[in-house]
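[1] 3D model of this:
(one chain, ligands or ions: 1)
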Amino acid sequence: MPEYGKADYWDERYKSNDTTFDWFVAFEPLRDVLQSLAKPDYKILVIGCGNSRLSPQLYESGYQNVVNIDISEVVVNQMRARYKELDRMEWLKMDVMKLEFPDNHFDLVIDKGTVDSLLCGGNSFHNVYMMNKNVSRVMKRGARYVVVTYGQPDTRIDHYRRKRLHFEVEHRTIDKPVFSSDASPTSNYHVYVMTKTEDSHAEEDAEDEDEEDDDFYDKFQANIAN
Ligand SMILES: C[S@@+](CC[C@H](N)C(=O)[O-])C[C@H]1O[C@@H](n2cnc3c(N)ncnc32)[C@H](O)[C@@H]1O
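    This is a model prediction of the structure:
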């Protein structure tokens, strides 16, 4: 299996293919859900943006306060050059497990396909937890985190329900486009909408930085076994 969790894999892939490509779906099937959650002045963070057209299309729809991050410097440079006329939009090389933004900063965070990449790499549950802890930290209280994935609830929802994340979780589905290239046999993609219920407190978070003392792994294994 390709090393979807590694920067080198993505750098090579983007170097050999300087174009745009959307995993799962582009903007249009997500328009209603995103418009129902976001106001035009919202600060939006797109994690693992890749060379998706989602952010430029958000921009064209009036959401211009958008920061895009990706672990691949190659794709970040390509996207910055490709969309240089969208001057309120930022493109930054950054690891989603080490977000360099202040606490309680964004109104909306969007992930399309990045959790799926991390789950294909080594140490995946821990890495997804680090991603989600970072995302939660940079969200304002009441902000939303929208995740678009092929993963059904039994493989995803517990990752978002971990107690230190302070998320309320809602699950929706969207139809797959008729000509989807995804080989998975289901007819839907999944959208998880998390609402952050508490402010982040940097000192408390630092205290339990490496602690994962809930019973997440046990519960997850039990679910898989049943
Ligand atoms: C499956 S692609 C999805 C790209 C895009 N969001 C889309 O919907 O088409 C996953 C993206 O996540 C990025 N990525 C993987 N690990 C990452 C990490 N730790 N931090 C930030 N981005 C990461 C990859 O470089 C890649 O661009």
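
[2] mind listing what the lengthiest strand in the chain pairs with, with the direction of each?
    Longest strand in the chain, counting residues (DSSP state E): strand 139-149. The strands that strand 139-149 pairs with in its sheet are strand 106-112 (parallel), strand 188-196 (antiparallel) (by DSSP bridges).

[3] so for the last one, what gets flagged as buried?
    Residues of strand 188-196 classed as buried under the neighbour-count rule (16 or more other Cβ atoms under 10 Å) are 189, 190, 191, 192, 193, 194, 195, 196. Yep, even glycine has a C-beta here, placed from its N, CA and C like the rest.

[4] one more: stretch 162-178?
    162, 164, 165, 166, 167, 169, 174, 176.

[5] now, the most widely separated pair of these?
    164 and 176 (33.2 Å; Cβ to Cβ).

[6] what's the pLDDT at the closest residue to residue 107 other than its chain neighbours?
    Excluding the flanking residues, the one nearest residue 107 by Cβ to Cβ, 6 or more residues apart in numbering is residue 42, at 3.8 Å. For residue 42, the model assigns a pLDDT of 98.

[7] just to be sure, residue 42 is in a helix?
    No: read with DSSP: H, G, I helix; E, B strand; the rest coil, residue 42 is coil and lies in no helix.

[8] okay, it and the ligand: tell me how far apart.
    The gap separating residue 42 from the ligand is 19 Å, by Cβ to the nearest ligand atom, to the nearest Å.

[9] give me every residue that touches that residue.
    Contacts for residue 42 were tallied using Cβ atoms under 8 Å, 6 or more residues apart in numbering; they are 63, 65, 107, 108.

[10] which ChimeraX command selects the buried ones in these?
    To isolate the buried ones among these in ChimeraX, judged by 16+ other Cβ under 10 Å, type:
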select :63,65,107,108
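
[11] which of the contacts of residue 42 lies closest to the ligand?
    Comparing these against the ligand with Cβ to the nearest ligand atom places residue 108 closest, at 14.8 Å.

[12] does the closest one touch residue 144 like I think?
    Yes: assessed by Cβ atoms under 8 Å, residue 108 is found in contact with residue 144 at 5.3 Å.

[13] which residues do those two both contact?
    What both residue 108 and residue 144 touch, as defined by Cβ under 8 Å, 6+ apart, is the set 37, 38.

[14] separation between the nearest residue to residue 198 once chain neighbours are set aside and the ligand?
    Counting by Cβ to Cβ, 6+ apart, residue 166 is the residue found nearest to residue 198 once chain neighbours are left out, at 4.4 Å. Taking Cβ to the nearest ligand atom as the measure, residue 166 falls 22 Å from the ligand.
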